[in-house]
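**Student:** Pasting the sequence and the predicted coordinates here, then a few questions.
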Amino acid sequence: MKGIRRATILNLLLIFSISVSLETSLAIQDEFLGCLESNSQPSNPISDAIYTHENPSFTSVLQSYVRNLRFSTPSTPKPIAIIAAKDESHVQATVVCAKKQGLQVRIRSGGHDYEGLSYVSYVPFIVLDMFNLRSIEINVTEESAWVQAGATLGELYYQIANRSNVHAFPAGVCPTLGTGGHFSGGGYGNLMRKYGLSVDNIVDARIVDAVGRILNRESMGEDLFWAIRGGGAASFAVILSWKIKLVKVPETVTVFNLARTVEEGKGPTELVWKWQQVADKLDPDLFIRLMLEPGNGTRKGEKTVQATFVAMFLGKPERLLPLMNQSFPELGLEPKDCVEMRWVESVLFWINIPKGGAPIELLLNRIPKGVSYLKRKSDYVKKPISKEDLESIWKLMIEVGEVGMHWNPYGGKMGEIPESETAFPHRAGNIFKIQYSVNWNQEGIETTNKFLNLTRTLFEAMTPYVSKDPREAFFCYRDIDIGSAGSNGNGTFQEASVYGHNYFKGNFERLVQVKTKVDPDNFFRYEQSIPTRPSYYSKIQ
Ligand SMILES: Cc1cc2nc3c(=O)[nH]c(=O)nc-3n(C[C@H](O)[C@H](O)[C@H](O)COP(=O)(O)OP(=O)(O)OC[C@H]3O[C@@H](n4cnc5c(N)ncnc54)[C@H](O)[C@@H]3O)c2cc1C
Ligand SMILES: *[C@@H]1O[C@H](CO)[C@@H](O)[C@H](O)[C@H]1NC(C)=O
Ligand SMILES: *[C@@H]1O[C@H](CO)[C@@H](O)[C@H](O)[C@H]1NC(C)=O
Ligand SMILES: *[C@@H]1O[C@H](CO)[C@@H](O)[C@H](O)[C@H]1NC(C)=O
Ligand SMILES: *[C@@H]1O[C@H](CO)[C@@H](O)[C@H](O)[C@H]1NC(C)=O
Ligand SMILES: *[C@@H]1O[C@H](CO)[C@@H](O)[C@H](O)[C@H]1NC(C)=O
Ligand SMILES: *[C@@H]1O[C@H](CO)[C@@H](O)[C@H](O)[C@H]1NC(C)=O
């Protein structure tokens, strides 16, 4: 009897609190939507851009730009509304009204954030979706382009190639990345050793700031323009568009992809050791990525680590072959391994489509073929890892299983740009960057925890071989394990300072200064945003 009564009371309490929170959120939603309407221009009505839960397309719009299924389950918190801005004025209205209603905004361009931070929050929030704003205007004479934040890399690469055979842009290898998030975190790809990162080739930007103004480089000032190049724009402003400088590539580039199955029991030690000696010192026209995966050996039942070398060379095989013979003969590159193609075709090659395997129009697909559950982490290596230590890494990778590593060489242009030039700090002194990577396809908390645990186990075991004080991490490879200031971005300054230094090293202090100046109320905030200066900080808490 007692038990039943208690259950009923609990139920009532539950219903009561749910209906209160529903009512509150409905009221907030109504006020927010009303504010949007009154801030929208009659010539550019905002109503078509708004998706609330009542809209039958709400779920499909939300899911269209989710690139990690871990953050697309029934229990994942959903936004109060999605504003898929169709005009710059819609972005302004969203900022002004969210600020007024005390709603958090999550800005999404391509949706590739590894921790889903562009579309998930644990406090009431809205998603400002940029996919409708994706125009690309290329000026070949000026070797430049204006690119809106919602454009994908594939669209950009395609449009550049449509206008020129000898131009390109240094950015990521995955064509569905959004330029809004990708460029603002640094943006790296296989042209990095020759031309640096995306941020090293950005010359202007249009943004909406924390009070809803549209600014460009001149009107925002050099401090803020510095911060949004590598510091993650979502702490400071909404990027509307970037002006980029195109770079020169030859009409024909050469690529190769060599999987090296190694002798039983030995692992790829010799090859990997040699790669570490040369990868960052090679001609900047050459970028050789090393991919390491635990897998089966040649003998039945035997486990080993497979090494695959994938390369981009800005030139022809006639120059590449002697270069490799001189610097890295152990790899045994032969003429038959070298594939010549246009730069734009190499983009497809880097996503495992062989030459001629698909038309380059594939780059215009904004939605990838498959999406899975995933976890990524990153590290930087400044001293070659000894052969003995490599052997123990192979043992560990085999023991852990499942988790692979991509080793991406630095050097070249990356070593010439000072750490303070942009907010992205990982420059000279790095031999390579590690990306830890695991994908899986089975839902469920146990499976997720298993894969997270495996990735963290490998990461912990790598501690002796990687950068320390701080243990540097790449901002684009978002990793919540390295610290969080809470979903409301209102944790302590000390908490923010941990991930802040891992991601930005000495540039963190300047980022805090800029943040304090341009967004003193900390409107643009999330788990890993840049905090305002502590004196301001204590005031707003
Ligand atoms: C399959 C895959 C491949 C990848 N390959 C590479 C690679 O080759 N090189 C590399 O460097 N990285 C790579 N990444 C990481 C990628 O660079 C980051 O995830 C990047 O943030 C993606 O940008 P986005 O616009 O797609 O992401 P989103 O999830 O939309 O945004 C990421 C972050 O940027 C913020 N943001 C987005 N748009 C704006 C805007 N308009 N204004 C202000 N803030 C904004 C978001 O709020 C969020 O904090 C890869 C990721 C995936 C999933
Ligand atoms: C391209 O840039 C050149 C040089 O700055 C300029 O004269 C020209 O008007 C631009 N073209 C377009 C279409 O904007
Ligand atoms: C460029 O794009 C236009 C329009 O889609 C197309 O007609 C043309 O063939 C393309 N040109 C090249 C060189 O790719
Ligand atoms: C490795 O071998 C096991 C059996 O020995 C097999 O089940 C598995 O599919 C193999 N994995 C790969 C990647 O070939
Ligand atoms: C590689 O270099 C050696 C000398 O260092 C030379 O004998 C050999 O012919 C070269 N091989 C190729 C394929 O160029
Ligand atoms: C992984 O799980 C094991 C077993 O539960 C635990 O002992 C270990 O601490 C975990 N490792 C990490 C890095 O979380
Ligand atoms: C931060 O925000 C959360 C969610 O609104 C709240 O519960 C918490 O008390 C806040 N913390 C501080 C330190 O203000």
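**Tutor:** Great, that's in hand. Residues are numbered from 1 along each chain as shown. Ligands and ions are numbered 1, 2, ... in the order given.

**Student:** Tell me, how many residues neighbour residue 162?
**Tutor:** Neighbourhood size, residue 162 [other C-beta atoms under 10 Å]: 11. The way it works is simple: take the backbone N, C-alpha and C, and place the C-beta from them, glycine included.

**Student:** that's a helix at it, yeah?
**Tutor:** Yes: Residue 162: assigned to a helix according to DSSP: H, G, I helix; E, B strand; the rest coil.

**Student:** could we number from 148 for the rest of this?
**Tutor:** Taking 148 as the first residue, the last one we looked at is residue 309.

**Student:** gap between it and ligand 2?
**Tutor:** Relative to ligand 2, residue 309 is positioned 15 Å away (criterion: C-beta to the nearest ligand atom, to the nearest Å).

**Student:** Please name the residues that touch that residue.
**Tutor:** For residue 309, the contact set (C-beta atoms under 8 Å, 6 or more residues apart in numbering) is empty.

**Student:** do you know how far it is from ligand 5?
**Tutor:** For residue 309, the distance to ligand 5 (C-beta to the nearest ligand atom) stands at 37 Å.

**Student:** can you pull out the strands in the stretch 498-647 of the chain?
**Tutor:** Counting by DSSP state E, counting those that start in this stretch, the stretch 498-647 of the chain has these strands, from start to end: 520-528, 551-556, 579-587.

**Student:** In its sheet, which strands sit next to the last one, and in what direction?
**Tutor:** Strand 579-587 has the following sheet partners, assigned by DSSP bridges: strand 520-528 (antiparallel), strand 551-556 (antiparallel).

**Student:** what is the mean pLDDT for it?
**Tutor:** For strand 579-587, mean pLDDT rounds to 98.

**Student:** what does the second one give?
**Tutor:** On average, the pLDDT along strand 551-556 is 98.

**Student:** quick one: buried residues of it?
**Tutor:** Using 16 or more other C-beta atoms under 10 Å as the test for burial, strand 551-556 gives 551-556.

**Student:** and which of those residues is nearest to ligand 4?
**Tutor:** Nearest to ligand 4 out of the buried residues of strand 551-556 is residue 551 (C-beta to the nearest ligand atom; 11.6 Å).

**Student:** mind listing what the closest one touches?
**Tutor:** Contacts here follow C-beta under 8 Å, 6+ apart; on that basis residue 551 touches 438-441, 583-585.

**Student:** Residue 434 contacts residue 320, doesn't it?
**Tutor:** No: Residue 434 is not in contact with residue 320 according to C-beta atoms under 8 Å; the separation is 10.4 Å.

**Student:** Can you get me a residue count around the residue in the stretch 148-297 of the chain that ligand 4 sits nearest to?
**Tutor:** At 22.0 Å from ligand 4, residue 216 is the closest residue in the stretch 148-297 of the chain, using C-beta to the nearest ligand atom. By the other C-beta under 10 Å criterion, the neighbourhood of residue 216 contains 21 residues.

**Student:** Find the residue closest to it in space, skipping its chain neighbours.
**Tutor:** Spatial nearest neighbour of residue 216, chain neighbours left out: residue 520 (4.7 Å); criterion: C-beta to C-beta, 6 or more residues apart in numbering.

**Student:** how near is the one you found to residue 285?
**Tutor:** Distance, residue 520 to residue 285, using C-beta to C-beta, to the nearest Å: 37 Å.

**Student:** wait, which of the strands paired with strand 579-587 is closest to residue 255?
**Tutor:** strand 520-528 (17.4 Å; C-beta to C-beta).

**Student:** The closest one near ligand 1 anywhere?
**Tutor:** No: judged by C-beta under 6 Å from any ligand atom, strand 520-528 stays clear of ligand 1, getting no closer than 7.3 Å.

**Student:** what's the closest residue to ligand 7 within the chain in contact with, if anything?
**Tutor:** Residue of the chain nearest ligand 7, by C-beta to the nearest ligand atom: residue 635 (3.4 Å). For residue 635, the contact set (C-beta under 8 Å, 6+ apart) comprises 251, 270, 672.

**Student:** Mark which of the residues you listed are buried, thanks.
**Tutor:** Buried among the contacts of residue 635 (16+ other C-beta under 10 Å): 251, 672.

**Student:** Which of the contacts of residue 635 sits closest to ligand 6?
**Tutor:** Among the contacts of residue 635, and counting by C-beta to the nearest ligand atom, the member closest to ligand 6 is residue 270, at 27.0 Å.

**Student:** From ligand 5, how far off is that closest one?
**Tutor:** Applying C-beta to the nearest ligand atom to residue 270 and ligand 5 gives a distance of 62 Å.

**Student:** Now for residue 432: which residues touch it?
**Tutor:** Residue 432 is in contact with 341, 460-462, counting by C-beta under 8 Å, 6+ apart.

**Student:** Out of the residues you listed, which are close to ligand 4?
**Tutor:** Among these, not one lies near ligand 4 by C-beta under 6 Å from any ligand atom.

**Student:** Give me the subset of those residues that lies in strands.
**Tutor:** residue 460 (DSSP state E).

**Student:** Now do stretch 646-664: distance from first to last residue.
**Tutor:** 21 Å (C-alpha to C-alpha, to the nearest Å).

**Student:** buried stuff in that stretch?
**Tutor:** Of the residues in stretch 646-664, 646-652, 654-655, 657-659, 661-663 count as buried by neighbour count, 16+ other C-beta under 10 Å.

**Student:** Residue 299: which of those residues is nearest?
**Tutor:** residue 650 (24.0 Å).

**Student:** before we move on, what SS does that closest one have?
**Tutor:** Of the three states, residue 650 takes helix according to three-state DSSP.

**Student:** what sits against it?
**Tutor:** So residue 650 contacts 379, 619-622, 629, 675 (C-beta under 8 Å, 6+ apart).

**Student:** Show me which of those residues is closest to ligand 2.
**Tutor:** Lowest distance from ligand 2 to the contacts of residue 650 (C-beta to the nearest ligand atom) belongs to residue 379, with 30.3 Å.
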